[in-house]
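K.L.:
Quick one, structure for this:
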Amino acid sequence: MTVYDPFDPQFLADPYPAYRMLRDEDPVHRHVSTRNGIPPFRVLSRFEDVWNAVRDTETYSSAGGLTFVPDEIGTLGLAPTIVMLDPPRHGQLRSLIAKGFTPRRVAALEDAVRGFVRGRLDSFAGRREVDLHREFSSTVRSICTANSPRPYRRSSWRRCSACRRPTGPGSIRGSPR
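P.N.:
Residues are numbered from 1 along each chain as shown. Next up is the predicted model:
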């Protein structure tokens with residue numbers, strides 16, 4: 001029997017049978033965790049249900065955070081990000097941020113981004129193993145912060161990305177605590 005348990009190492013190794021089971025048999029699944037401090041939570045597994053939930057901010061809110069760990073963001077000492085805001089504040093901030101991502105501004109960064117990526121990939125030449133998440137993907141924050149008017153916020157990026165990456169067998173994310 002396929003079981004959905006986002007903390008189980010077997011699920012992490014191959015989640016697709018559990019996702020299929022959820023879609024086919026239990027599209028609004030209530031998960032009760034056996035881990036301390038993780039309250040029961042619901043899992044939506046069908047595209048249309050997720051699509052509708054994202055747009056129904058009166059019923060479903062992102063303000064409590066985006067994980068099932070209570071007050072994870074507060075515990076890590078991070079300020080809420082735009083994805084953790086509901087309308088109307090989310091829309092207000094999104095309209096401000098969008099000004100920095102016009103096609104012309106993004107095109108102006110293309111050479112710098114390509115150079116950065118090529119440099120990172122070149123640094124792996126001759127190595128037998130590379131942790132692509134730690135040594136490549138998570139370094140994208142360097143690109144994001146390079147043009148920031150407040151580069152001191154890089155430490156926040158490190159803390160936030162650290163809480164999102166696996167740190168060992170069976171973990172779904174590490175924690176800098």
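
K.L.:
ok, Ser45 - how many residues close by?
P.N.:
Number of residues near Ser45 (other Cβ atoms under 10 Å) recorded here: 19. Heads up, the C-betas are built off the backbone N, CA and C, glycines and all.

K.L.:
wait, it sits on Arg23?
P.N.:
Yes: counting by Cβ atoms under 8 Å, Ser45 does reach Arg23; the two are 4.8 Å apart.

K.L.:
Show me how far whichever strand or helix holds Gln92 is from its chain's centre.
P.N.:
Assessed by DSSP states H and E, Gln92 sits inside helix 89-98. Centroid displacement of helix 89-98 relative to its chain, using Cα atoms, centre = their mean, to the nearest Å, is 19 Å.

K.L.:
and that helix, which residues are buried?
P.N.:
For helix 89-98, burial by neighbour count (16 or more other Cβ atoms under 10 Å) applies to His90.

K.L.:
Tyr19 in helix, strand or coil?
P.N.:
helix (DSSP: H, G, I helix; E, B strand; the rest coil).

K.L.:
Can you list the residue ranges for helices in this protein?
P.N.:
In the chain, the segments counted as helices under DSSP state H are 9-13, 16-25, 47-55, 72-76, 89-98, 103-122, 132-135, 140-146, 154-162.

K.L.:
what about the nearest residue to Tyr4 once chain neighbours are set aside, distance to Val43?
P.N.:
Closest residue to Tyr4 apart from its sequence neighbours, by Cβ to Cβ, 6 or more residues apart in numbering: Ala18 at 4.5 Å. The gap separating Ala18 from Val43 is 10 Å, by Cβ to Cβ, to the nearest Å.

K.L.:
Need the overlap of contacts for the two.
P.N.:
Tyr4 (Cβ atoms under 8 Å, 6 or more residues apart in numbering).

K.L.:
higher neighbour count, those two?
P.N.:
Ala18 (21 against 17).

K.L.:
got a list of what that one touches?
P.N.:
2-5, 11.

K.L.:
where's Thr31 relative to Ser137, distance?
P.N.:
No, residue 31 isn't Thr; it's His. His31 is 28 Å from Ser137, by Cβ to Cβ.

K.L.:
So these two - more neighbours on which side?
P.N.:
Each of His31 and Ser137 has its neighbours counted (other Cβ under 10 Å); His31 has more, 18 against 13.

K.L.:
circling back to that earlier point, with distance to Val83 and mean pLDDT as new columns, can the helices of the chain be given to me in JSON lines?
P.N.:
Output for these, formatted as JSON lines (distance: least, Cβ to Cβ, whole Å; pLDDT from 0 to 100):
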{"stretch": "helix 9-13", "distance to Val83": "23", "mean pLDDT": "90"}
{"stretch": "helix 16-25", "distance to Val83": "22", "mean pLDDT": "96"}
{"stretch": "helix 47-55", "distance to Val83": "11", "mean pLDDT": "94"}
{"stretch": "helix 72-76", "distance to Val83": "11", "mean pLDDT": "76"}
{"stretch": "helix 89-98", "distance to Val83": "8", "mean pLDDT": "92"}
{"stretch": "helix 103-122", "distance to Val83": "20", "mean pLDDT": "89"}
{"stretch": "helix 132-135", "distance to Val83": "20", "mean pLDDT": "83"}
{"stretch": "helix 140-146", "distance to Val83": "15", "mean pLDDT": "56"}
{"stretch": "helix 154-162", "distance to Val83": "11", "mean pLDDT": "50"}
